[in-house]
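# just coords:
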């Protein structure tokens with residue numbers, strides 16, 4: 001199983017971007033899916049998290065009301081819709097997923113994976 005991110009880019013302040021993170025491979029199920037962001041010299045920050053189904057998403061205070069996390073369990077994909085972007089949102093955005101896959105031997109094994117990162121740059 002691997003996570004592949006897409007959707008990063010450069011946008012002016014006030015603009016919007018949508019990030020996607022898709023899990024490919026023999027995924028059986030995925031538990032919580034999380035978006036983090038990282039900037040040089042700073043700790044990795046949890047941006048938003050969404051449980052598998054029916055639960056309330058969790059957001060960092062800095063993005064509440066501007067970012068929306070969602071997921072499509074049929075596609076094993078998590079999204080991050082980012083609106084009203086600010087220069088301080090500039091970061092490398094990474095997705096994380098914990099779940100279970102089916103191995104080539106037909107057994108179940110857990111995974112805890114990270115995407116490759118999607119760079120978001122917000123200009124003032």
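Done, it's in. This structure is a prediction, so every number in the text was calculated from the model and none was measured. Residues are numbered from 1 along each chain as shown.
# just the pLDDT for the residue of the chain positioned farthest from its centre.
Using Cα atoms, centre = their mean, the residue of the chain lying farthest from its centre is residue 105. It sits 29.5 Å away. On pLDDT, residue 105 comes in at 88.
# let's verify it: helix, strand, or coil?
Secondary structure for residue 105, judged by DSSP: H, G, I helix; E, B strand; the rest coil, is coil.
# my guess is residue 110 meets residue 103, correct?
No: assessed by Cβ atoms under 8 Å, residue 110 is found out of contact with residue 103, at 10.8 Å. To be clear about C-beta, it is placed using only N, CA and C from the backbone, and glycine gets the same treatment.
# okay, residue 54: pLDDT?
Reported pLDDT for residue 54: 63.
# so which bits of stretch 67-81 are buried?
Under the neighbour-count criterion of 16 or more other Cβ atoms under 10 Å, stretch 67-81 has 67-69, 71, 76-80 buried.
# report the distance from that stretch to the chain centre.
Here the centre of stretch 67-81 is set off from its chain's centre by 8 Å, with Cα atoms, centre = their mean, to the nearest Å.
# gap between the two ends of it?
6 Å (Cα to Cα, to the nearest Å).
# residue 68 contacts residue 50, correct?
No: counting by Cβ under 8 Å, residue 68 does not reach residue 50; the two are 9.8 Å apart.
# so residue 11 sits against residue 123, correct?
Yes: using Cβ under 8 Å, residue 11 is in contact with residue 123, at 7.4 Å.
# who has more neighbours, these two?
Set side by side, residue 11 and residue 123 show more neighbours around residue 11, with 17 against 11, by other Cβ atoms under 10 Å.
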